[in-house]
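Any chance you can model this:
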Amino acid sequence: MTQIDYSAFDTPGRGRGILDVFGHRYLLGVLISKTSSLRYRNSVLGWFWSYVRPTVQFLVYYAIVGGVLQMHQRVEAFPLYLFSGIVVVNLFNEAFGAATRSIVDNKALVRKIYLPRELFPIAAIIGSFVHFLPQLAVLLIVCIFLFGWVPSFASIGLALGGLALVLLFILGLGLFFSAINVRFRDASNVVDIVRTISTWSSPILYTWVMVEHATRNVPWIFHFYMSNPVTVAVEMFHQAFWEPTVAESQRHGWPPEMVWYVVAALAVIAVALTIGQLTFRRFERTFAQDL
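Here you go, the predicted structure:
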């Protein structure tokens, strides 16, 4: 009697988590295209909003923090310092929110067919990254033509490293909150609070030197503050784009023990990815019912 080989088939409803995404690249591309096409559907300005919103945000912060609070007198080339940090936090906020909503926003697909559920938050993150690129392009244009920035292997490497930290951190958080948000819609409110705090919890509107000075009597607070992957990524962007354009006497340099802060940020990312994936795998069993 001939035996049938079932090794080429997967057990329905079971998968290998994030690893399954690599085997469904076509579906990932379709979801990314869907996300991009729906983002500004029925919008008059369309992609132009990718430039308008960060520009307005920058102008408001610069007017209040730079003008009213006189930060432009304390930080040389403050507009560039501000903008090079804002783009990182904007990427975090946009992708984190999109990843959290990704399962609920695609509930019709989740209910009807089985496919690796991780595709949805990952597609949302990639889609947000695509819409982040115009901001990065503006930053590069401003750096080169207004501040005389000259690209180097070090600056490009720092920028790419910062982006990698932020995207991996978002992936871990996105997996966790997108799964929780299916059953408990309060999760989206928690994410909104985190996104509100994120702008002020990294050295964008101020400098890490100010934080170190304010926490000199309780140094563990500074260490905790600098272990935030978003904070580390912001400092990488400052080192990549801002510091090369100002006089050496005006540079802040790296925070003390920066290597250990990078290690701590990587550890935080590893924990976020592990907990996020485990939580996602646990909750995805009931996605269809909860939706």
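
and Ala265, what is it in contact with?
Neighbour list for Ala265: 165, 169, 227-229, 231-232 [criterion: C-beta atoms under 8 Å, 6 or more residues apart in numbering]. (Glycine included, C-beta is placed from N, CA and C.)

Just to be sure, which of the residues you listed are found in helices?
165, 169, 229, 231-232 (DSSP state H).

would you turn those residues into JSON lines with neighbour count?
Listed next are the ones in helices among the contacts of Ala265 as JSON lines, based on neighbours: other C-beta atoms under 10 Å:
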{"residue": "Leu165", "neighbour count": "24"}
{"residue": "Phe169", "neighbour count": "25"}
{"residue": "Pro229", "neighbour count": "28"}
{"residue": "Thr231", "neighbour count": "25"}
{"residue": "Val232", "neighbour count": "27"}
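
Next, the contact list for the closest residue to Phe96 other than its chain neighbours, please.
Counting by C-beta to C-beta, 6 or more residues apart in numbering, Ile170 is the residue found nearest to Phe96 once chain neighbours are left out, at 5.3 Å. Applying C-beta under 8 Å, 6+ apart, we find Ile170 in contact with 92, 95-96, 99, 125.

again with Val209
His252.

Could you report the pLDDT at it?
Here, the pLDDT recorded for Val209 equals 93.

Any buried residues in the strand or helix carrying it, and which?
Here Val209 sits within helix 208-214, counting by DSSP states H and E. Applying a neighbour-count criterion of 16 or more other C-beta atoms under 10 Å, one finds 208, 211-212 buried in helix 208-214.

just stretch 187-207 next, same as before
Applying 16+ other C-beta under 10 Å to stretch 187-207 flags 187-188, 191, 194-195, 198-199, 202-207 as buried.

Contacts only, for Ser128.
Taking C-beta under 8 Å, 6+ apart as the test, what Ser128 contacts is 91, 94-95, 98-99.

sorry, that was for Val110
Val110 touches 103, 117, 120, 287-288, 291, counting by C-beta under 8 Å, 6+ apart.

about what we covered before: in the ones in helices among the contacts of Ala265, find the pair that's most separated.
Phe169 and Thr231 (10.7 Å; C-beta to C-beta).

element containing the nearest residue to Ile204 once chain neighbours are set aside, please.
Of all residues not flanking Ile204 in the chain, Gly85 sits nearest, at 3.5 Å (C-beta to C-beta, 6+ apart). Assessed by DSSP H and E, Gly85 sits inside helix 78-105.

Give the next helix or strand downstream of that helix.
Under the assignment DSSP H and E, the closest C-terminal helix or strand after helix 78-105 is helix 107-112.

Can you report the mean pLDDT over the residues of the next helix or strand after that next one?
Next along the chain after helix 107-112, taking DSSP H and E as the criterion, comes helix 119-147. Average pLDDT, helix 119-147: 89.

again with stretch 27-47
67.

same check, this time on stretch 66-77
Stretch 66-77 shows a mean pLDDT of 80.

May I have the distance across that stretch, first residue to last?
One end of stretch 66-77 to the other measures 10 Å (C-alpha to C-alpha, to the nearest Å).

Stretch 73-82 too?
Start-to-end, stretch 73-82 (C-alpha to C-alpha) is 13 Å.

Can you add pLDDT and give the contacts of Ser128 back as a markdown table?
Output for the contacts of Ser128, formatted as a markdown table (pLDDT from 0 to 100):
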| residue | pLDDT |
| --- | --- |
| Leu91 | 94 |
| Glu94 | 91 |
| Ala95 | 94 |
| Ala98 | 92 |
| Ala99 | 93 |
